[in-house]
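> sequence? don't have it. structure:
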């Protein structure tokens, strides 16, 4: 399963994953990826169309609806074990006599419609002129906005998820289910700063620890929630095209999860020596406590950083003793050992290690995938669906992991579904 992050336009392919997903609690309704929100009639329709009716697919940017698209695709994704968090993306070619698109601002919102129904809001990252009257747009969902955000991290000793998330998201809109918001966190999050790492990476560690998934609403808001166990829709035989295949991955025999504990130690370390300007920030590669400064003052500090006044001197601090314990859970019987190891999830603690190991074991019991072209009908990543198995010739429950949608008169995609997966409920508080 490719967890790599997209860096540009993607080819139209969809991935559906995970059968028989059980609830992680708290969801009582299903969700769809296409709403009945109509494209606003009062907006200006791009005049380069010469008065044509609105096309099947349109983009709204600022006050203009662009209705002449040369091509376009949407990549919608989520992960059931969010050790990575992939943004949704929009790639589209727009034909227009206006040059207004060249005057875009980074993260300007673009709204996508299919047959006047809203499919999502994306944030512009680039506009490339590819002909005198043609422009290639690339935009990401709100998750992509986190890639440019810094997060100072810290050492957590029982703070709730609801208390930590505002530091990660900042102005990026999000919501979280109440049964997840009160979960307490124990452990460490590092200081992350683009381009090497970002707030998105620390969000991944939180999601991994609490067993949550991320969806993106039609209005662009990131939604953090458990899995829902209801069936949102189905992909019957009539919506599945030819050239289907059933693939089996090599069996995972066990999962290994490292549990982390941080205890205040007495060893003192030199953290910085030199000259500073007022407001200079010094970050640490590991958590520190009992900071002491000579030659300048500490204006602000946390476990991973210190903000200093102007001066010349040294900064010292005491380190934490980092204790670890490995929890192993058997998954499948096989003559060939294949252990999946998770050792760098530093929020996994004594409180959460067993539940994390159980989720991993349940996830890796899933090793069969079905790859087939389908007609897209609005299924959203994270939805639990019924999908047709082309060789067993029965419908099986599955959870949608990602979709790559070709924007055409009829929305089409290729689909891959992973069968026989159940995920344990998260009830930790």
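That came through, no problem. Just so you know, these numbers come straight off a predicted model, no measurement behind them. Numbering: from 1, shown residues only.
> And the residue of the chain most remote from its centre, how close does it get to residue 271?
Distance from the C-alpha centroid of the chain peaks at residue 295, with 43.6 Å (C-alpha atoms, centre = their mean). Going from residue 295 to residue 271 by C-beta to C-beta, to the nearest Å gives 13 Å. Placement of C-beta: from N, CA and C, glycine included.
> shared neighbours of those two, which are they?
Here residue 295 and residue 271 share no contacting residue, scored by C-beta atoms under 8 Å, 6 or more residues apart in numbering.
> quick one on the thing from earlier: what's the closest non-adjacent residue to the residue farthest from the centre of the chain?
The shortest distance from residue 295 to any non-neighbouring residue, by C-beta to C-beta, 6 or more residues apart in numbering, is to residue 313 (1.7 Å).
> so what's the one you found bridging to?
Taking DSSP bridges as the rule, residue 313 bridges to residue 274.
> I'd assumed residue 298 was in contact with it.
No. Assessed by C-beta atoms under 8 Å, residue 313 is found out of contact with residue 298, at 10.9 Å.
> Next, the distance between the ends of stretch 163-176.
12 Å (C-alpha to C-alpha, to the nearest Å).
> So what touches it?
142, 145-146, 149, 151-152, 156, 161-162, 185, 199, 202-203, 206, 212, 220-225.
> and that stretch, average pLDDT?
On average, the pLDDT along stretch 163-176 is 97.
> Any buried residues in it, and which?
164, 165, 168, 169, 172, 174, 176 (16 or more other C-beta atoms under 10 Å).
> Return the closest of the residues you listed with respect to residue 63.
Distance to residue 63, by C-beta to C-beta, is smallest for residue 172 among the buried residues of stretch 163-176, at 23.9 Å.
> Now do the closest one against residue 165, distance only.
Taking C-beta to C-beta, one finds residue 172 at 10 Å from residue 165.
> can you pull out the strands in the stretch 301-429 of the chain?
Applying DSSP state E, counting those that start in this stretch to the stretch 301-429 of the chain gives strands spanning 305-308, 311-330, 339-342, 368-375, 384-389, 394-406, 412-419.
> what's the fourth one packed up against?
With contacts defined as 3 or more C-beta pairs under 8 Å, 6 or more residues apart in numbering; DSSP states H and E, strand 368-375 has these neighbours: strand 245-248, strand 412-419.
> Would you mark the buried spots in that strand?
Neighbour-count burial for strand 368-375 [16+ other C-beta under 10 Å]: 368, 369, 370, 371, 372, 373, 374.
> Make TSV from those residues and add pLDDT to it.
Putting the buried residues of strand 368-375 into TSV (pLDDT from 0 to 100) gives the following:
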residue	pLDDT
368	77
369	75
370	74
371	77
372	76
373	82
374	83
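> quick revisit: take the buried residues of stretch 163-176 and keep only those in strands.
174, 176 (DSSP state E).
> Give me the subset of the buried residues of stretch 163-176 lying in helices.
The helices, defined by DSSP state H, take in 164, 165, 168, 169 from the buried residues of stretch 163-176.
> Okay, helices next: where are they in the stretch 1-150 of the chain?
142-145 (DSSP state H, counting those that start in this stretch).
> Low-confidence ranges, it, go.
1-55 (pLDDT under 70).
> Work out which residue lies at the spatial centre of this protein.
Note: the chain centre (C-alpha atoms, centre = their mean) maps to residue 85, 3.0 Å.
> just checking, it touches residue 204?
Yes. Assessed by C-beta under 8 Å, residue 85 is found in contact with residue 204 at 4.9 Å.
> Just the buried ones from the contacts of stretch 163-176?
Buried among the contacts of stretch 163-176 by 16+ other C-beta under 10 Å: 142, 145-146, 149, 151-152, 156, 161, 185, 199, 202-203, 206, 212, 220, 222-225.
> Identify the spatial nearest neighbour of residue 333, chain neighbours not counted.
In space, residue 333 is closest to residue 253, 7.3 Å off (C-beta to C-beta, 6+ apart).
> hmm, I was thinking of residue 275
residue 312 (4.4 Å).
> The one you found against residue 296, yeah?
Yes. In this structure, residue 312 is within contact of residue 296 by C-beta under 8 Å, at 7.2 Å.
> neighbour-wise, which of those two wins?
Neighbour totals were compared for residue 312 and residue 296, and residue 296 leads with 22 against 11 (other C-beta atoms under 10 Å).
> Not counting its neighbours along the chain, what's nearest that one?
Nearest one to residue 296, counting by C-beta to C-beta, 6+ apart, is residue 311 at 3.0 Å.
> now do residue 276
residue 308 (4.7 Å).
> And for residue 188?
Nearest to residue 188 is residue 346, by C-beta to C-beta, 6+ apart, at 4.6 Å.
> Report the contact partners of the one you found.
Counting by C-beta under 8 Å, 6+ apart, residue 346 has contacts 187, 188, 189, 190, 205, 260.
> do the same with residue 315
So, once contact is read as C-beta under 8 Å, 6+ apart, residue 315 ends up touching 270, 271, 272, 273, 282, 291, 292, 293, 296, 298, 306, 308.
> Next, count neighbours for residue 100.
14.
> And for residue 326?
There are 13 residues near residue 326, going by other C-beta under 10 Å.
> can you tell me how far residue 136 sits from residue 317?
49 Å.
> do the same with residue 391
Counting by C-beta to C-beta, the gap from residue 391 to residue 317 is 61 Å.
> which of these two has more neighbours?
Applying other C-beta under 10 Å to residue 391 and residue 317 shows that residue 317 carries more neighbours, namely 23 against 9.
> Show me what the more buried one bridges to in the sheet.
Going by DSSP bridges, residue 317 forms beta bridges with residue 269.
> Just confirm it contacts residue 266, I think it does.
No. Applying C-beta under 8 Å as the test, residue 317 and residue 266 come out as separate, 11.6 Å apart.
> Report pLDDT for the residue nearest to residue 333.
96.
> hmm, back to that, ok, the residue nearest to residue 295 - how many residues close by?
Around residue 313 there are 16 residues (other C-beta under 10 Å).
> Toward the C-terminus, what is the element adjacent to the helix or strand harbouring residue 180?
Using DSSP states H and E, residue 180 falls within helix 178-181. Downstream of helix 178-181, the first helix or strand assigned by DSSP H and E is strand 184-189.
> Give me the helices and strands touching that next one, please.
By 3+ C-beta pairs under 8 Å, 6+ apart, strand 184-189 packs against strand 154-160, helix 199-210, strand 254-276.
> how many degrees apart are the first one and strand 184-189 in direction?
The one in question is strand 154-160. 170 degrees (axes from the mean of the first three to the mean of the last three C-alpha atoms, to 10 degrees).
> strands paired with strand 154-160, and their directions?
Here, using DSSP bridges, strand 154-160 pairs with strand 184-189 (antiparallel).
> So what touches the strand it pairs with?
Contacts of strand 184-189 (C-beta under 8 Å, 6+ apart): 151, 153-161, 164, 202, 205-206, 209, 260-262, 287, 303, 346-352, 428-429.
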